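Novice: need a structure here:
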Amino acid sequence: MDILFTGILIGLGGTIAMDLWALLLNRTLGQGLPNWGNVGRWVGHLPGRVFHDDIGAATPLPGETAIGWAFHYAVGIFYGVIFMLLVGPGWAAAPTFLPAWIFALVTIAAGWFLLQPGMGLGWALSRTETPMKGRAMGLVAHTVFGLGMWVTALIV
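Specialist: Numbers count the residues shown, from 1 in each chain. Presented below is the predicted three-dimensional model:
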């Protein structure tokens, strides 16, 4: 199987794992689900503006929730492809968790330093009520993303 196709599959697997994790936390602990509508609104406003004081105050866009979900999966697939380009086909032949985990943890930087400040949440959620909790939950979610990539590679 080629690197591109494997990258797409493991990116999808990691993203699905992350979404199932969020659903599990929601159903068992009552934690809120990610608001992909806000992400879609941010993406929709990107051609003109990257950083907002409050994305909720930005003009709503038609289909912003669908845009947010599509962006979420596109980023997951992109990360899977980039990971495969970095580790090469040897990793896919004998997948190990550590490289996938390290890569998944590194990918949180895009959320902390672009997406979250772009939506008005501050650098690494610094403008939220509980930034350390949000950061910890993000690291756990990205660990689940890495786990999902690894498990998908084992299956493929």
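Novice: The helix ranked longest in the chain: what's the following helix or strand?
Specialist: Determined from DSSP state H, the single longest helix within the chain is helix 3-29. The C-terminal neighbour of helix 3-29 among helices and strands, as given by DSSP states H and E, is helix 36-45.
Novice: how far off helix 3-29 does that following helix point, in degrees?
Specialist: Calculated by axes from the mean of the first three to the mean of the last three CA atoms, to 10 degrees, helix 36-45 forms an angle of 140 degrees with helix 3-29.
Novice: Touching helix 36-45 from outside, list them.
Specialist: 52, 55-56, 58-61, 63-72, 115, 118-119 (CB atoms under 8 Å, 6 or more residues apart in numbering). The C-beta positions use only the backbone N, C-alpha and C, and glycine is treated the same way.
Novice: and the angle from the helix or strand following that helix to helix 36-45?
Specialist: Using DSSP H and E, the helix or strand that follows helix 36-45 in sequence is helix 64-87. Between helix 64-87 and helix 36-45, the angle comes out at 80 degrees (the same axes, to 10 degrees).
Novice: How far away from the center of its chain is the helix or strand following helix 64-87?
Specialist: Per DSSP H and E, helix 64-87 leads on to helix 89-93 as the next helix or strand towards the C-terminus. How far helix 89-93 lies from its chain's middle: 23 Å, per CA atoms, centre = their mean, to the nearest Å.
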